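>>> Model the structure of this input:
(chains A and B)
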Amino acid sequence: GAGVSQSPSNKVTEKGKDVELRCDPISGHTALYWYRQSLGQGLEFLIYFQGNSAPDKSGLPSDRFSAERTGGSVSTLTIQRTQQEDSAVYLCASSLRGTTNTGELFFGEGSRLTVL
Amino acid sequence: AQSVTQLGSHVSVSEGALVLLRCNYSSSVPPYLFWYVQYPNQGLQLLLKYTSAATLVKGINGFEAEFKKSETSFHLTKPSAHMSDAAEYFCAVTTTSTPLVFGKGTRLSVIA
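Sure, this is the predicted structure:
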């Protein structure tokens, strides 16, 4: 596709279950980012990939959160043993290079996670 | 580390009135600054960016922003608001290869 694709668009799960969120970046974009958007909190950085490696994982809120990227393309964000405070919109973005000082981030429409 | 403060979580203007959305940044090195817009149920898209060239930056849909180092500000303006401008606006900052740091956003409402 032409843009960043995220799935599922909506996910409702029960507390304690694991969830996987998928991001398919724009073809050829080497950098991929995950952000979390909560009401009134803006966008919180989670993790950044350059190719398949993650030079910056500083934003992952706990060890229940993990992410991987394979083939320099699709990325999966996994949340284990979900808690109610994990409810948010998870946004993925990609860019041509890892340096955002000149590049633009292209965002997907997000995956809305609701933990009951 | 850099940070961004957006003054006002909600701004309401009349159609045709000036739009002013405020953003102040904190950075120990020269920053690169961005404004993104998020329309309802859509992803974020870039409005404009400052990357150390001209201090007055023009973006899409008639928006512009001015980088003022002395005030550590990068306020977003538009001379005349349209109904279609109603959205959430995010200011963001980065320096070298660090990920963008976003503000908490300002929701713009336009009243007919």
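>>> Quick one: end-to-end length of stretch B:26-44, please.
The straight-line separation of the ends of stretch B:26-44 (Cα to Cα, to the nearest Å) is 22 Å.
>>> what does stretch B:83-91 give?
21 Å.
>>> what about the chain, any weak spots by pLDDT?
Going with chain A. Flagging of chain A using pLDDT under 70 yields the residue ranges A:1, A:98-103.
>>> meant chain B, my bad for not saying
B:96-97.
>>> Report the beta-bridge partner residues of the spatially most central residue of it.
Centroid-nearest residue in chain B, with Cα atoms, centre = their mean: B:Trp35, separated by 3.7 Å. Legend: beta-bridge partners of B:Trp35 under DSSP bridges are B:Leu48, B:Cys91.
>>> ok, what's across the strand from B:Ser73?
According to DSSP bridges, beta-bridge pairing links B:Ser73 with B:Asn24, B:Lys68.
>>> Test my guess that it contacts B:Arg22.
Yes: with contact defined as Cβ atoms under 8 Å, B:Ser73 counts as touching B:Arg22 (7.2 Å). Where C-beta positions appear, they are placed from N, C-alpha and C, glycine not excepted.
>>> Strands of chain B, start to end?
B:3-7, B:10-14, B:19-26, B:32-38, B:44-50, B:56-58, B:64-68, B:73-78, B:87-94, B:101-102, B:106-111 (DSSP state E).
>>> could you say which helix or strand contains the residue most central in space within chain A?
The C-alpha lying nearest the average C-alpha coordinate of chain A belongs to A:Trp34 (Cα atoms, centre = their mean; 3.1 Å). Assigned by DSSP states H and E, A:Trp34 belongs to strand A:31-38.
>>> Can you pull out the residues in contact with that strand?
A:23, A:25, A:43-50, A:61, A:67, A:69, A:75, A:77, A:87-98, A:100, A:103, A:105, A:110, B:99-100, B:102 (Cβ atoms under 8 Å, 6 or more residues apart in numbering or on different chains).
>>> Relative to A:Ser58, how far out is A:Asn3?
Not quite, residue A:3 is Gly, not Asn. 27 Å (Cβ to Cβ, to the nearest Å).
>>> ok, the two, which is more surrounded?
A:Gly3 (14 against 11; other Cβ atoms under 10 Å in any protein chain shown).
>>> Could you list the contact residues of chain B toward chain A?
Proximity of chain B to chain A (Cβ under 8 Å from any Cβ of the partner chain) is limited to residues B:9, B:32, B:36, B:41-46, B:49, B:51, B:90, B:92, B:94-105.
>>> Hmm, B:Cys91 and the residue nearest to the centre of chain B touching each other?
Yes: counting by Cβ under 8 Å, B:Cys91 is a contact partner of B:Trp35 at 5.7 Å.
>>> intersection of neighbour lists for these two?
B:21, B:23, B:74, B:76.
>>> What is the most widely separated pair among the residues you listed?
Farthest pair in the shared contacts of B:Trp35 and B:Cys91 (Cβ to Cβ) is B:Leu21 and B:Phe74. Separation: 10.0 Å.
>>> So for the two, which sits in the more crowded spot?
Regarding B:Leu21 and B:Phe74, a neighbour count based on other Cβ under 10 Å identifies B:Phe74 as having more, with 28 against 25.
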